[in-house]
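# Structure of the sequence below:
(2 chains)
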Protein chains: 2
Amino acid sequence: MSSPLNDAALDQLFRSARTFNAWQDKEVTDQQLKELYDLVKMGPTSANSSPVRLVFIKSQDAKARLKPFLSENNAEKTMAAPVTAIIATDFAFYDHLPKLFPHADARSWFVGNEALVEATAFRNSTLQGGYLIMAARSLGLDCGPMSGYDQAGLDAEFFPGTQVKSNFLVNIGYGDPNKNLFGRLPRFDFDEVAQVL
Amino acid sequence: MSSPLNDAALDQLFRSARTFNAWQDKEVTDQQLKELYDLVKMGPTSANSSPVRLVFIKSQDAKARLKPFLSENNAEKTMAAPVTAIIATDFAFYDHLPKLFPHADARSWFVGNEALVEATAFRNSTLQGGYLIMAARSLGLDCGPMSGYDQAGLDAEFFPGTQVKSNFLVNIGYGDPNKNLFGRLPRFDFDEVAQVL
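Down below sits the predicted model:
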């Protein structure tokens, strides 16, 4: 049985963590991205479907390919980020279930059921994107998630001829708290959005 | 600047954490559910939209209302769980943006744009569900997420006459590692699903 993490850890993961819009000039290494993925991959997905696909944009060449598809308010901060993760979804995820869920014919649950494929792919890719945000924070990194971009354009540039589509973007690095950090926005109280029955 | 959490914390959140199918006979208190929500609510959502709505099923009466909609393989373990969280989505979330995102007319970005409403609601409710799984683990609780249930039936029972629809379910409690804990399933290697550009 586990105990609660200490307050410093809960602060780092949730309470003090912020969405950053400016970044310190400090690299995120490829090794850190592999450590990040090694945490993300352990998070639960439906039938272990693991539909997320990740592109980590680091080089100037890759940034130049990304830039035309960003909304105006996301472009400058994203070009300045050490890394931008494209959180993408493989809508043909079920073809990998014989490997990922070998004890049942899980592929057959999905083939031909387009509504189930769409919902499962989007839901579980997004969950894995959420795990990535939490995993990055757990590794001492800061995040800036965004969904304001030209999805069709980005997908044609980075995932042509595949069933992979982007879901959202996450800038990753060491946030600069002295620049463009917005005031904390209000949240709903428990009783406004939750109930115990 | 934050440091990485220690290995015990990373294990608790990601590496050793498991999807549990059986539960110790130990209560999860209403106070713990409020602590859980107070972490979940801090996670980032698009335009602070916070579309998740939560119903925590604890009582025998509420369990009896839930049971008819569970798939056969999810029913027994769910009835035995201390709490089942219904992770739901408010598709009219944008009506709250004047409160949640007061510095811009964010409501107008969504009204009449059904595709954007649907995607934003589903994506951000799911992210918040992912934060809930990670928050529960950070509080020393175990989870068992599920999407196998009769969504339309459950929604008619718990959210009639609203624009709230369920997204997925999460059993919450203290897992019993000696009963119905499946073997760890394989995960993709970094190079199979990720690239650094």
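# Need the residue closest to the centroid of chain A.
Nearest to the geometric centre of chain A sits residue A:129, at 2.8 Å (Cα atoms, centre = their mean).
# Summarise which helices and strands the helix or strand encompassing that one is packed against.
Residue A:129 belongs to helix A:114-138 when elements are defined using DSSP states H and E. Counting contacts by 3 or more Cβ pairs under 8 Å, 6 or more residues apart in numbering or on different chains; DSSP states H and E, helix A:114-138 packs against helix A:30-40, strand A:52-57, strand A:83-90, helix A:107-110, strand A:142-146, strand A:164-173, helix B:114-138. C-betas here are computed from N, CA, C, even on glycine.
# which non-adjacent residue is nearest the residue in chain A that chain B sits nearest to?
At 2.8 Å from chain B, residue A:130 is the closest residue in chain A, using Cβ to the nearest Cβ. Spatial nearest neighbour of residue A:130, chain neighbours left out: residue B:130 (2.8 Å); criterion: Cβ to Cβ, 6 or more residues apart in numbering or on different chains.
# Tell me how many other residues crowd that neighbour.
Using other Cβ atoms under 10 Å in any protein chain shown, residue B:130 has 27 neighbouring residues.
# do the same with residue A:192
Neighbours of residue A:192 using other Cβ under 10 Å come to 12.
# Same question for residue A:106.
18.
# ok, now residue A:83?
By other Cβ under 10 Å, the burial measure for residue A:83, its neighbour count, is 23.
# beta partners of it?
Taking DSSP bridges, one obtains residue A:172 as the residues bridged to residue A:83.
# for residue A:180, what are its contacts?
Contacts for residue A:180 (Cβ atoms under 8 Å, 6 or more residues apart in numbering or on different chains) come out as A:21, A:22, A:77.
# I'd say the last one and residue A:171 touch.
Yes: distance between residue A:77 and residue A:171: 6.6 Å, which falls inside the contact criterion (Cβ atoms under 8 Å).
# Neighbour count: those two, which is higher?
residue A:171 (26 against 19).
# Touching, that one and residue A:149? I think so.
No: contact status for residue A:171 versus residue A:149: not in contact, 11.8 Å apart, counting by Cβ under 8 Å.
# tell me which element residue A:140 is part of?
Applying DSSP H and E, one finds residue A:140 in no helix or strand.
# and it, how many neighbours?
Using other Cβ under 10 Å, residue A:140 has 14 other residues around it.
# do the same with residue A:137
22.
# tell me the pLDDT at it?
If you check residue A:137, the pLDDT there is 98.
# so it touches residue A:13, yeah?
Yes: judged on Cβ under 8 Å, residue A:137 makes contact with residue A:13 at a distance of 5.2 Å.
# Please enumerate the shared neighbours of those two.
In terms of Cβ under 8 Å, 6+ apart, residue A:137 and residue A:13 are not both contacted by any residue.
# quick revisit: contacting residues for the residue nearest to the centre of chain A?
Neighbouring residues of residue A:129 by Cβ under 8 Å, 6+ apart: A:52, A:87, A:145, A:167, A:168, A:170, B:127, B:130.
# gap between it and residue A:40?
9 Å (Cβ to Cβ, to the nearest Å).
# Mutual contacts of these two, please.
Joint contacts of residue A:129 and residue A:40 (Cβ under 8 Å, 6+ apart) are residue A:52.
# Just give me the neighbour total for residue A:128.
Neighbours of residue A:128 (other Cβ under 10 Å): 27.
# wait, residue A:126
Neighbours around residue A:126, by other Cβ under 10 Å: 26.
# show me the contacts for the residue nearest to it when sequence neighbours are not counted.
In space, and not counting its chain neighbours, residue A:126 is closest to residue B:126: 4.1 Å by Cβ to Cβ, 6+ apart. Applying Cβ under 8 Å, 6+ apart to residue B:126 gives the contacts A:122, A:123, A:126, A:127, A:130, B:87, B:167, B:168.
# Can you select the buried ones among the residues you listed for me in PyMOL?
Buried subset of those, written as a PyMOL selection, criterion 16 or more other Cβ atoms under 10 Å in any protein chain shown:
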select buried, (chain A and resi 122+123+126+127+130) or (chain B and resi 87+167+168)
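# out of the contacts of residue B:126, who's nearest residue B:189?
residue A:127 (19.8 Å; Cβ to Cβ).
# pretty sure the closest one is touching residue A:45, no?
Yes: with contact defined as Cβ under 8 Å, residue A:127 reaches residue A:45; the gap is 6.3 Å.
# Just confirm residue A:18 contacts residue A:176, I think it does.
No: between residue A:18 and residue A:176 there is no contact under Cβ under 8 Å: 10.9 Å.
# how close does residue A:99 sit to residue A:122?
For residue A:99, the distance to residue A:122 - Cβ to Cβ - is 21 Å.
# A helix includes residue A:187, no?
No: secondary structure of residue A:187 (DSSP: H, G, I helix; E, B strand; the rest coil): coil, not part of a helix.
# Understood, closing this out.
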